[in-house]
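*Asks:* heads up, no residue letters with this:
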């Protein structure tokens, strides 16, 4: 059967096992992605990891008590020890001088070590019903049944309901718990409710992705969503969507290659979404920041060429003369690779005209060159007047700021400085209409 046939078969959901795996993975991705935003903003990204590892001894203890692999009993045991892990973290942070990251590491390693000891004891006990308990380490999404999916659906619906109802309170708890206390919110109960929901999400995900990988599902979706938006509600939605997408794609890859378990592929997929977000997200992405940096460099060279030609015109008291690249380079240290593209761009924008490799400003270029000079000198006045910097220390800062001031900021700066006529070096500041007489 070729790839196309397998793909059609998968997305048609004709196989009941495929439906269970896809539905379970999507629900887990949605649930963990939603809650991960609160964990991420509270700077408790390792909390999910600690709780997942703290759940492991509960699985072993529940098996020893019940004697069989009853899923509900195992999950209740996991929830109890996960809660004990959360209480242990809070106790260590509040009652000792140990910081949160250290407390999480202590609880994670301690409970995981205990869980490993218990599982090892069970495996060596010779009980025929213990086979498969190790699946809780890495998950076994393919074993999800219809009952498992229905339970996960109910848990997801209930938790999403409480998140929506208490969204503003949880948001305030994540951003400013101190302010939440001052306006009368019970921060301890809010944190209790949020931790409870995180424990439920972690325990619900154990069968699908396991103890070791559940941490990624409580961290990565929110970290990816944060790259795309400044809005907390939108970040929560995106994080849930990224979790659901990773669930579907992880199940898809596992379906194509049955020897590869679903859980690790879910984590690999959400990690890939994170790296794509880091690289390509507008605003925060590496590519976007690099593009803005290059655009700013080009704009600086663009403005410096205008300044060079404008100053040359002032010195000659004429805008009719043409100047070559050497004339401009003598006024600014242009890189050879930068001045050529800047001149081409200024020609396209009709700010300069050229003949025989020599250049001069057009009327539009004269106006823009005067504006760059004006911004530079206004900023020098501001630095000397309000920050009391000596005049010989303001040139470099003014060189940086002259390129980023918007027309609105320029008007505000002129008004604040009361339209000064001269900069700290007693050079005239050219205002509109004075370009050719300054």
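*Replies:* Noted; the coordinates are in hand. Here the structure is a predicted model, which is why all the values come from computation and not from measurement.

*Asks:* and stretch 417-431, end to end?
*Replies:* 14 Å (C-alpha to C-alpha, to the nearest Å).

*Asks:* any idea of the mean pLDDT for it?
*Replies:* The average pLDDT for stretch 417-431 rounds to 87.

*Asks:* go on, stretch 66-78?
*Replies:* Mean per-residue pLDDT for stretch 66-78: 77.

*Asks:* any idea how far that stretch is from the middle of the chain?
*Replies:* 37 Å (C-alpha atoms, centre = their mean, to the nearest Å).

*Asks:* stretch 25-39 now?
*Replies:* In terms of C-alpha atoms, centre = their mean, the centre of stretch 25-39 is found 16 Å from the chain centre.

*Asks:* over to stretch 167-174?
*Replies:* With C-alpha atoms, centre = their mean, you get 19 Å for stretch 167-174.

*Asks:* stretch 370-384 too?
*Replies:* A distance of 36 Å separates the centroid of the chain from that of stretch 370-384, by C-alpha atoms, centre = their mean.

*Asks:* next: stretch 106-119.
*Replies:* Centre to centre, stretch against its chain (C-alpha atoms, centre = their mean), the figure for stretch 106-119 is 32 Å.

*Asks:* got the contact list for that stretch?
*Replies:* By C-beta atoms under 8 Å, 6 or more residues apart in numbering, the residues outside stretch 106-119 that reach it are 46, 49-50, 53-61, 64, 81, 85, 88-89, 92, 98, 133-134, 211. To be clear about C-beta, it is placed using only N, CA and C from the backbone, and glycine gets the same treatment.

*Asks:* same deal with stretch 411-430?
*Replies:* Here stretch 411-430 has contacts from 370, 373-374, 377-382, 384-385, 391, 394, 405, 431, 434, 438, using C-beta under 8 Å, 6+ apart.

*Asks:* all helices for the stretch 251-400 of the chain, in order.
*Replies:* 262-280, 286-316, 325-329, 336-348, 363-386, 395-401 (DSSP state H, counting those that start in this stretch).

*Asks:* circling back to that earlier point, buried subset of the contacts of stretch 411-430?
*Replies:* Buried members of the contacts of stretch 411-430, scored by 16 or more other C-beta atoms under 10 Å, are 370, 373, 374, 377, 378, 379, 380, 381, 382, 384, 394, 405.

*Asks:* residue 248: which of those residues is nearest?
*Replies:* The nearest member of the buried ones among the contacts of stretch 411-430 to residue 248, counting by C-beta to C-beta, is residue 405 at 47.6 Å.

*Asks:* now do that closest one against residue 300, distance only.
*Replies:* Residue 405 sits 13 Å away from residue 300, taking C-beta to C-beta, to the nearest Å as the criterion.

*Asks:* do residue 417 as well
*Replies:* Residue 417 is 23 Å from residue 300, where distance means C-beta to C-beta.

*Asks:* the more surrounded of the two?
*Replies:* residue 300 (18 against 15; other C-beta atoms under 10 Å).

*Asks:* check contacts around the more buried one.
*Replies:* Contact analysis of residue 300 by C-beta under 8 Å, 6+ apart lists residue 403.

*Asks:* against residue 372, how distant is it?
*Replies:* On the measure of C-beta to C-beta, residue 300 and residue 372 end up 10 Å apart.

*Asks:* check residue 180 too.
*Replies:* For residue 180, the distance to residue 372 - C-beta to C-beta - is 48 Å.

*Asks:* likewise residue 359?
*Replies:* Between residue 359 and residue 372 the distance is 16 Å, computed by C-beta to C-beta.

*Asks:* and if you look at residue 221?
*Replies:* For residue 221, the distance to residue 372 - C-beta to C-beta - is 45 Å.

*Asks:* who's more crowded, the two?
*Replies:* Neighbour count, other C-beta under 10 Å: between residue 221 and residue 372, residue 221 has more, with 33 against 20.

*Asks:* from residue 247, how far out is that one?
*Replies:* Counting by C-beta to C-beta, the gap from residue 221 to residue 247 is 10 Å.

*Asks:* so what sits against both of these two?
*Replies:* Joint contacts of residue 221 and residue 247 (C-beta under 8 Å, 6+ apart) are residue 29.

*Asks:* how near is residue 384 to residue 417?
*Replies:* Separation of residue 384 from residue 417 (C-beta to C-beta) stands at 11 Å.

*Asks:* now for the helix or strand where residue 28 lies, which elements pack on it?
*Replies:* Here residue 28, judged by DSSP states H and E, is contained in helix 16-41. With contacts taken as 3 or more C-beta pairs under 8 Å, 6 or more residues apart in numbering; DSSP states H and E, helix 16-41 sits against helix 47-66, helix 146-165, helix 167-175, helix 187-217, helix 220-226, helix 232-256, helix 262-280.

*Asks:* and the fourth one, what does it pack onto?
*Replies:* Counting by 3+ C-beta pairs under 8 Å, 6+ apart, the packing neighbours recorded for helix 187-217 are helix 16-41, helix 47-66, helix 71-95, helix 135-138, helix 146-165, helix 167-175, helix 177-182, helix 262-280.

*Asks:* got the buried residues for the next helix or strand after the third one?
*Replies:* The one in question is helix 71-95. Downstream of helix 71-95, the next assigned helix or strand under DSSP H and E is helix 100-124. Under the neighbour-count criterion of 16+ other C-beta under 10 Å, helix 100-124 has 100, 103-104, 107-108, 110-112, 114-115, 118-119, 122 buried.

*Asks:* could you single out the nearest of those to residue 18?
*Replies:* Nearest member of the buried residues of helix 100-124 to residue 18, counting by C-beta to C-beta, is residue 119, at 30.0 Å.

*Asks:* measure that closest one to residue 112 for me?
*Replies:* Counting by C-beta to C-beta - residue 119 and residue 112 are separated by 10 Å.

*Asks:* tell me, domain by domain, which residues of the chain belong where.
*Replies:* The chain breaks down into these domains under automatic domain parsing: 15-218, 290-417.

*Asks:* pipe the ones you listed into a markdown table and attach distance to residue 268 per row.
*Replies:* Supplementary listing: those in a markdown table, determined by distance: least, C-beta to C-beta, whole Å:
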| stretch | distance to residue 268 |
| --- | --- |
| domain 15-218 | 9 |
| domain 290-417 | 26 |
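
*Asks:* please identify the most buried of the ones you listed.
*Replies:* domain 15-218 (a mean of 19; mean count of other C-beta atoms under 10 Å).

*Asks:* so which of the domains of the chain is nearest residue 235?
*Replies:* domain 15-218 (5.6 Å).

*Asks:* just checking, which helix or strand of this structure averages the lowest pLDDT?
*Replies:* One helix or strand of the chain scores below all others by mean pLDDT, DSSP states H and E: helix 135-138, with a mean of 64.

*Asks:* closest to residue 319 out of the helices and strands packed on helix 187-217?
*Replies:* Smallest distance to residue 319 across those (C-beta to C-beta): 45.0 Å, for helix 262-280.
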